[in-house]
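# what's the 3D shape of this:
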Amino acid sequence: MPNETSTPNIVLILADNLGWGELGCYGGGALRGAPTPRIDALATEGLKFLNFNVESDCVPTRSALMTGRHPIRTGALQSVPAGLPQGLIPWEITLAQLIAGKGYATACYGKWHLGDKEGRYPKDRGFDEWYGIPRTTNESMFTSSPGFDPEVVPLPYVMEGVKGQPAKNAHVYDLEARRRIDSELTAKTIDFMTRQAKANKPFFAYVPLTHLHYPTLPHHDFAGKTGAGDFADSMHEMDFRVGQMLDAVDALGLRDNTLFFFGSDNGPEFRQPWRGTAGPWTGTYHTAMEGALRVPFILRWPGKVAPGGVTNEIVHITDLYATLARVVGAEVPKDRAIDGVDQLDFFTGKQPKSNREGFVYYIKQELRAAKWRDWKMHIVLEREPNDGANHLETPYIFNLTRDPKEECDVGNTFSWVRTPLRKMIHAFQQSLKAHPPIPPGAPDDYVPKS
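Numbers count the residues shown, from 1 in each chain. Just a heads-up that it's a prediction; the model follows:
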């Protein structure tokens, strides 16, 4: 049942490759070279999640957010065969389309990574406005790389577009532009919110920032500020940008009627010199370790979500699709499998428990693990990306409360745990038979067989 008293604005900030252990409110901050006072304060003003889970990396998580479906269903995996289109086919109904359908102004400012051609840009997928990058941040390194040939690989661009018009190239995305982009995204978000506030129109601002994705380079205004290097300077900048958006919401008088989210798309970067940390968890993105799955996530909604809350209940990024649909009064599609569950009553304290006990976890098209209550079962174990995936004859079982590092297999002494985990896996695999997955690289006119 939607909110009866008002139509809340929605601001959803998604950091890139921000590990669980980086922010002060998750045990990092000053320990990582950069206090994060604005995000730490945000965590005290709403609900902080200790068990918010995502997909293996950038593309699949963004697909899960936008569709409420695991990426094994949508074909939006890490990559597609060369020459085939990336991202989501037009048949998918995005979160932005649901929200726009209820009279909201919608904008995406940042990294999209769900389609890089006409018909698949954000302005084609439910957003009225878009400014950002179609793919990913490491492309900013192309033009500085010895031997780069723009005749072979097209120049990367920051792009912009509005609904109903072709997208345009704004400027080349090089290392200098990489330093500036999050400041641009923040300014455009504030301008968008200001315009909608003046028009008295509810809005959905999706802000997928580029920090802390490699190359992790701060804006010149923040370079050298922490004394702890580019990574810490960039985290300092990210905290500042979030603060700017929070201040704008307040200045516009929208605080009490704005649902404000801050989270990350996946676990930390594993490459040096940009390696991040997942705090008490093991691993980085591109793995099935908890360091890949669990990310920071904070929700503030004054008057609806009590301040100072902390929860270790399992929530998955697909859940935002069904939850926000209910917030705005939209109907979730019924002609396809939706993996997300409505968590509104849990978020607002009307019930003490999450509506989810677990989930399955694929990397590309391979089942890697499943999580249920305090337990995790690895079918394929890979602690570090590219370290060699170990396909286990007998899956490992870990108790995540007692063994957060996932070091001690307790499958022999707690073999009963396999039963609910295997039931959950079986149910999901049966649903894949009933709703066959969309193949990676499917063309625009592809329609799944029901």
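# The longest helix along the chain - what's its average pLDDT?
Ranked by residue count, the top helix of the chain under DSSP state H comes out as helix 175-198. Per-residue pLDDT values over helix 175-198 give a mean of 98.
# check contacts around residue 109.
The neighbours of residue 109, taking CB atoms under 8 Å, 6 or more residues apart in numbering as the test, are 129-132, 185, 188-189, 192, 205-208. Every residue, glycine included, has its C-beta placed from N, CA and C.
# Swap in 10 Å and give it another go.
Neighbour list for residue 109: 13, 122, 127, 129-132, 160, 181-182, 184-192, 205-209 [criterion: CB atoms under 10 Å, 6 or more residues apart in numbering].
# returning to what we had before: would you indicate which residues of the longest helix of the chain are buried?
Residues 177-179, 181-186, 188-190, 192-193, 196-197 are the ones in helix 175-198 that count as buried (16 or more other CB atoms under 10 Å).
# can you check stretch 440-449 too?
Burial within stretch 440-449, assessed by neighbour count using 16+ other CB under 10 Å, is assigned to 440-442, 448.
# Kindly export the longest helix of the chain (C-alpha atoms) in CSV.
C-alpha atoms of helix 175-198 as CSV (Å, rounded to 0.1, in the frame of the first residue of the first chain):
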residue,chain,number,x,y,z
LEU,A,175,42.0,11.6,-16.7
GLU,A,176,41.3,15.3,-16.3
ALA,A,177,37.6,14.7,-16.8
ARG,A,178,37.7,11.8,-14.4
ARG,A,179,38.8,14.2,-11.7
ARG,A,180,35.9,16.6,-12.4
ILE,A,181,33.1,14.2,-13.1
ASP,A,182,31.6,13.7,-9.6
SER,A,183,31.5,17.4,-9.0
GLU,A,184,29.6,17.8,-12.2
LEU,A,185,27.2,15.0,-11.3
THR,A,186,26.5,16.6,-7.9
ALA,A,187,25.9,20.0,-9.4
LYS,A,188,23.5,18.6,-12.0
THR,A,189,21.6,16.6,-9.3
ILE,A,190,21.2,19.8,-7.2
ASP,A,191,20.0,21.7,-10.2
PHE,A,192,17.5,19.0,-11.1
MET,A,193,16.1,18.9,-7.5
THR,A,194,15.9,22.7,-7.5
ARG,A,195,13.9,22.8,-10.7
GLN,A,196,11.5,20.1,-9.6
ALA,A,197,11.0,21.7,-6.2
LYS,A,198,10.1,25.0,-7.9
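# Now the element after it, going C-ward?
Along the chain past helix 175-198, the next helix or strand (assigned with DSSP states H and E) turns out to be strand 203-208.
# helices or strands up against that next one?
Judged by 3 or more CB pairs under 10 Å, 6 or more residues apart in numbering; DSSP states H and E, strand 203-208 is in contact with strand 9-15, helix 58-67, helix 95-100, strand 105-111, strand 129-133, helix 175-198, helix 230-251, strand 258-264.
# quick one, what contacts the nearest residue to residue 119 once chain neighbours are set aside?
Ranked by CB to CB, 6 or more residues apart in numbering and with sequence neighbours excluded, the top spatial neighbour of residue 119 is residue 444, at 5.6 Å. Residues touching residue 444, when contacts are defined by CB under 10 Å, 6+ apart, comprise 85, 89-91, 115, 117-120.
# Mind listing what's buried along the lengthiest strand in the chain?
Across the chain, the strand with the greatest residue count (assigned by DSSP state E) is strand 390-399. Of the residues in strand 390-399, those buried by neighbour count under the rule 16+ other CB under 10 Å are 395-399.
# any chance of those residues in TSV, with distance to residue 143 too?
Compiled in TSV, the buried residues of strand 390-399 are given as follows (distance: CB to CB, whole Å):
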residue	distance to residue 143
395	46
396	44
397	48
398	44
399	49
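# What is the nearest of these to residue 304?
Using CB to CB, residue 399 comes nearest to residue 304 of those, at 34.0 Å.
# Fine by me, thanks again.
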